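Colleague: The amino acid sequence is not available; the structure is as follows:
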């Protein structure tokens, strides 16, 4: 663990990737949104937002973490 919040950011990224892939396996009718000729389930769009949020959180918190001073 390099900085506080790293676990939460990793969770968002991994959960979003897992949820996105699971939605491809589902065959039940559910809501879908289309964007640029791509129809994805609502859960897949939410998963993409979660992955993006996790990446942003990871980058921001990593940059804000204090670095040890080298001599």
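Modeller: Looks like it arrived, so ask away. Note that this is a predicted model, so its numbers are computed, not measured.
Colleague: can you pull out the helices in this structure?
Modeller: In order along the chain, the chain carries the following helices (DSSP state H): 6-25, 42-64.
Colleague: Now tabulate these in a markdown table and tack on mean pLDDT.
Modeller: Compiled in a markdown table, the helices of the chain are given as follows (pLDDT from 0 to 100):
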| stretch | mean pLDDT |
| --- | --- |
| helix 6-25 | 90 |
| helix 42-64 | 90 |
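Colleague: Need the ones you listed in a markdown table (columns: mean neighbour count).
Modeller: C-beta here means a position set from N, CA and C on the backbone, and glycine is covered the same way. Formatted as a markdown table, the entries for these read as follows, by neighbours: other Cβ atoms under 10 Å:
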| stretch | mean neighbour count |
| --- | --- |
| helix 6-25 | 14 |
| helix 42-64 | 15 |
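Colleague: Relative to residue 26, how far out is the spatially most central residue of the chain?
Modeller: Centrality entry for the chain: nearest residue to the mean C-alpha point is residue 51, 1.3 Å, by Cα atoms, centre = their mean. Look at residue 51 and residue 26: by Cβ to Cβ, to the nearest Å, they are 19 Å apart.
Colleague: Okay then, goodbye and thanks.
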